[in-house]
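Visitor: Structure for the following, please:
(2 chains)
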Amino acid sequence: MFNAERWIEIFQSISKNKLRAVLSGFTVSLGILLFIILFGLGEGLKNSYKDLFLDQSNNVVFVFPGKTTKPFGGFKSNRRIEFDNSDIEEISKQFDSRIEYINPRIRSGGIISYKLESYDFSLQAVAPSNQYIENHILMKGRYLNERDIKEKSKVAVIGRLVARDIFKEEDPIGKFINIGSRAFKVIGVFQDRGGDVEESYLFIPYTTRQQILMGSDKIGDIVLTFNPEIGASGAVSLADDLKKFLKKRKSIDPTDPSGLFIRNVADEFERSMQFASVLQIIVTFVGIGTLIAGIIGISNIMVFIVKERTKELGIRKALGASPSEIIKMILTESIFITAVSGFLGMVGGILLLNSVDTGLHDYFITRPGVNFGLAITATIVLIVFGVIAGYIPAKRAAQIKPIVALRDE
Amino acid sequence: MIEIKNLHKSYEMGANSLHVLKGINFSVKDGELVAIMGSSGSGKSTLLNILGMLDTADAGTYHLDNIKIANMDETKAANYRNKFLGFVFQSFNLINYKDALENVALPLYYQGLPRKDRQKVGLEYLDKVGLKEWSDHLPSELSGGQKQRVAIARAMASNPKVLLADEPTGALDSKTSREVMALIQRINNEGKTVLVVTHEHDIANMCKRIVHLKDGIIVEDKKIKQNIIKDV
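Guide: Here you go, the predicted structure:
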């Protein structure tokens, strides 16, 4: 295989028959290129789904209060359910081993102002665990802590965009902003990979909010993360148990569908990823189809090339080329062309995917890319089939009697 | 040099079988220049192809330089063709994407000679046929006579024992034909055994012996007074 003389002979044959080489190489390049692009787009689709869930931990469970639709335990229907601090304590106690973090939240209004300007940002009253559940990355200062909760401090952590809009170049830490008519001290700035919306929030301690609301102990909704050790199925049963527990505690008919709602992100994530995986399988199928089309293409071209060269092969045999010499010559040439063009197609596909980068974000495709090992494997598969495709006609040509080959026009 | 006995060859043409050679007995000594004559269909090309190991006989024996040629696999046959035989065809059969020198050097490639040596030897033989200046020309840039001379140089490059020419002047005008035949006579005079298949009497008369084939058998085999070409 590594016979320098043969390589010279082959390079000559390739360089003197450029069109033929380019045509057969093009088929291979195109096959690999399309395979990699399709596969990369599939990967990008999957990434988009992953990103949808990126700003939160995957093990999040939401508990929202609703309105009853059935009378139960002496209560009339159409009763609005409300959570309070004791619910949080009881849930923590009851599900201690299965819960990682619990976060009571109160959605709040109020005009936010600094100096003479007022701003329109979302405000939420939360517990310190909010940081871990929402995956907030602290850029400056500190987050809310247990002391803020206990002392009902008038402090706020603000999102990156809030800091940028209100304070511009100023350092926001230690500055006071007005929320409603009260002054809150900014203690920290956070980032969120979830994007602009997530970074346009201000968070204050939920106890502070309750104090402002005349010593209420009511809570808007509850967000919690389950202990990852219990897994997706554990999360489903946790959500069921939680529902049963709270319905009993709040005197809601167990069959009432709208007394309270539980959303399990793990479950949704799983389902979305399954959908994305199915999409990728389809895309992979199409990709493999392209690869097969490439293989068929190279096979046809090899048959054609050998046919076209029959007379030349006859001359070579008359001059003393042995059958194995003929086979080696055709095979080395076909391997060389397939390998080079396969590699070009692979590199081209990867470069194209990289250049697309964020360009296809609007089409729900994020960071399209392809596993390098897979790209190599696909290329090798195509080369192997190129060899087989070349071998069959080469062997046939090598066995033709020289006199028959010479007669070929 | 060549010794054949009772050679038979038939071609299957669908359901019919065409008996082309019907028992040929024939021998050629070292240094002879033999013309094989006959009309088309007489079997002369078939005989040459069998002698050249491009085709195989159905029955009979063939000895080339005291070696029995029979039941050879293609690899061995290729090796013998390369070492013992040089071919010249009516349609030249040059490889069109190789220049004159590369065409001449090709048999040496199959002998495993390094590239440098091939080119040196190839150039020598091109010089012998008077085409040294044309070494880097493609066949498409050469005239018919030049192409045939390149083909002869190629056939001679591997220094074969026998030169086989199948209608070497069939595609050439009479002036070029004489040039090519003069070259063949010169090669023969240097001691090479040469067999020329032709249907032209004046070409045959330039050889030293004429074997006449008709319907697959030798009808005449005579030594003649050679018409030596001097005016080229």
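
Visitor: could you check the distance from A:Glu325 over to A:Lys115?
Guide: With the distance defined as Cβ to Cβ, to the nearest Å, A:Glu325 ends up 89 Å from A:Lys115. Heads up, the C-betas are built off the backbone N, CA and C, glycines and all.

Visitor: now swap in A:Pro128 and tell me
Guide: Relative to A:Lys115, A:Pro128 is positioned 29 Å away (Cβ to Cβ).

Visitor: Same drill for those two, tell me which one is more crowded.
Guide: A:Pro128 (20 against 9; other Cβ atoms under 10 Å in any protein chain shown).

Visitor: measure the more buried one to B:Asn49 for me?
Guide: Taken as Cβ to Cβ, the span from A:Pro128 to B:Asn49 is 97 Å.

Visitor: What of A:Ser13?
Guide: 27 Å.

Visitor: ok, the residue nearest to A:Lys248 when sequence neighbours are not counted - contacts?
Guide: Leaving aside its chain neighbours, A:Lys248 sits nearest to A:Pro254 (7.9 Å; criterion: Cβ to Cβ, 6 or more residues apart in numbering or on different chains). By Cβ atoms under 8 Å, 6 or more residues apart in numbering or on different chains, the contact list for A:Pro254 reads A:Lys244, A:Lys247, A:Lys248.

Visitor: what about the first one, how many residues close to it?
Guide: Going back to what we said before, that points to A:Lys244. Neighbours of A:Lys244 using other Cβ under 10 Å come to 11.

Visitor: Then the last one?
Guide: Neighbouring residues of A:Lys248 were enumerated by other Cβ under 10 Å; the total is 11.

Visitor: For residue 146, list the residues it contacts.
Guide: You didn't pick a chain, so chain A it is. Contacts for A:Glu146 (Cβ under 8 Å, 6+ apart) come out as A:Pro128.

Visitor: oops, chain B please
Guide: B:Leu131, B:Trp134.

Visitor: so what does the helix or strand that contains A:Gly294 touch, helix or strand wise?
Guide: Here A:Gly294 sits within helix A:265-308, counting by DSSP states H and E. With contacts taken as 3 or more Cβ pairs under 8 Å, 6 or more residues apart in numbering or on different chains; DSSP states H and E, helix A:265-308 sits against helix A:18-52, strand A:60-65, helix A:231-249, helix A:323-356, helix A:372-399.

Visitor: again, only this time at 6 Å
Guide: For helix A:265-308, the packing partners by 3 or more Cβ pairs under 6 Å, 6 or more residues apart in numbering or on different chains; DSSP states H and E come out as helix A:18-52, helix A:231-249, helix A:372-399.

Visitor: Using a markdown table, lay out these together with mean pLDDT.
Guide: Shown next, in a markdown table, are the helices and strands packed on helix A:265-308 (pLDDT from 0 to 100):
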| stretch | mean pLDDT |
| --- | --- |
| helix A:18-52 | 82 |
| helix A:231-249 | 86 |
| helix A:372-399 | 84 |
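
Visitor: Please produce JSON lines containing the ones you listed, extended by distance to A:Glu333.
Guide: Putting those into JSON lines (distance: least, Cβ to Cβ, whole Å) gives the following:
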{"stretch": "helix A:18-52", "distance to A:Glu333": "8"}
{"stretch": "helix A:231-249", "distance to A:Glu333": "54"}
{"stretch": "helix A:372-399", "distance to A:Glu333": "8"}
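
Visitor: So which of the ones you listed is the most surrounded?
Guide: Of all the helices and strands packed on helix A:265-308, helix A:18-52 has the most neighbours on average by mean count of other Cβ atoms under 10 Å in any protein chain shown, namely a mean of 21.

Visitor: elements contacting it?
Guide: helix A:265-308, helix A:323-356, helix A:372-399.

Visitor: for the strand or helix carrying A:Ile102, which positions count as buried?
Guide: Following DSSP H and E, the helix or strand that holds A:Ile102 is strand A:99-108. Using 16 or more other Cβ atoms under 10 Å in any protein chain shown as the test for burial, strand A:99-108 gives A:Ile99, A:Glu100, A:Tyr101, A:Ile102, A:Asn103, A:Pro104, A:Arg105, A:Ile106, A:Ser108.
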